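*Asks:* 3D, please:
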Amino acid sequence: MEAPLDRAVDAAVIAGSSAGHDMSMIGLFLQADLIVKLVMLILLVSSVWCWAIIVEKRTMMKKLSNRAKKFEDAFWSGEPLDKLYHRIKKSPHDPLLKTFSAGMEEWQNTLSNGVPDKEELQASLRQRVERAMNVTINREMNKLERGMTFLATVGSTAPFIGLFGTVWGIMGSFTAIAASNNTSLAVVAPGIAEALFATALGLVAAIPAVIAYNGYSNRLNRYAGRLDAFVTEFTAILSRHLETQDPKSKKKKAA
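*Replies:* Residues are numbered from 1 along each chain as shown. I've put the predicted structure just below:
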């Protein structure tokens, strides 16, 4: 009769110790080991930072799309480029507007000394205008891509950081088994739950980061292609303008 009674007492003690653990998310965090707590804090901060970047990028891309559409409508409306350039100089900073302004500035600085009449000088002018616009595009795209590296880093490392917390927590659970000489699941359940909670936080941080990185990388690449296409169209317009101002071309047309 003593053995069953002892087992009943042990079961009651184990049940009491298990019930004493708070299995909520806050409870799992507060009762976790110091290392596991540090892992959880890192993942929580990373997740919050990722969501801040995601919201900021979403707002930014929406504004860029709206501004680009308005500018392209004005650009192809037939309004003289000089007048359009002076009008948008006071507009809010925008990559497309800055690209256009860089090209117009280089164009006007060269034409202040007269329209070049040699083909070599005209080709050099087109190259300088295109180079100035491409430099502006690269500088602006670097600004737009800020935060993307962090999203990629969190997406690739957060699961492993959470896994480290899980391994550390399970090691603590096995240490508790060795110290208590009791292999009951009720003894190790709280420690295992805390460890698995770290893995869950790693996935919570990583999944949105990966999705956002892939989505915004695609949208930024499309926007960069839109800027490159604008440079091509703009230099083509300048080339036609130079041809109409070239005396040699006028003579050929007259002949």
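
*Asks:* dump the residue contacts of residue 162.
*Replies:* Shown in contact with residue 162 (C-beta atoms under 8 Å, 6 or more residues apart in numbering): 39, 43, 198-203, 205. Using the backbone N, CA and C atoms, a C-beta is placed for each residue, glycine as well.

*Asks:* Return the members of the residues you listed classed as buried.
*Replies:* 39, 43, 198-199, 201-202, 205 (16 or more other C-beta atoms under 10 Å).

*Asks:* which one of the contacts of residue 162 is nearest residue 104?
*Replies:* residue 205 (44.8 Å; C-beta to C-beta).

*Asks:* unless I'm mixing things up, the closest one is touching residue 46, no?
*Replies:* Yes. Contact criterion C-beta atoms under 8 Å: residue 205 and residue 46 qualify, at 5.0 Å.

*Asks:* show me where the stretch 51-200 of the chain has helices.
*Replies:* Per DSSP state H, counting those that start in this stretch, the stretch 51-200 of the chain has helices spanning 81-88, 95-111, 119-144, 148-180, 185-245. These are given in chain order.

*Asks:* Mean pLDDT and distance to residue 59 for these - can I get that in JSON lines?
*Replies:* Listed next are these as JSON lines, based on pLDDT from 0 to 100; distance: least, C-beta to C-beta, whole Å:
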{"stretch": "helix 81-88", "mean pLDDT": "84", "distance to residue 59": "22"}
{"stretch": "helix 95-111", "mean pLDDT": "86", "distance to residue 59": "15"}
{"stretch": "helix 119-144", "mean pLDDT": "86", "distance to residue 59": "12"}
{"stretch": "helix 148-180", "mean pLDDT": "86", "distance to residue 59": "15"}
{"stretch": "helix 185-245", "mean pLDDT": "86", "distance to residue 59": "12"}
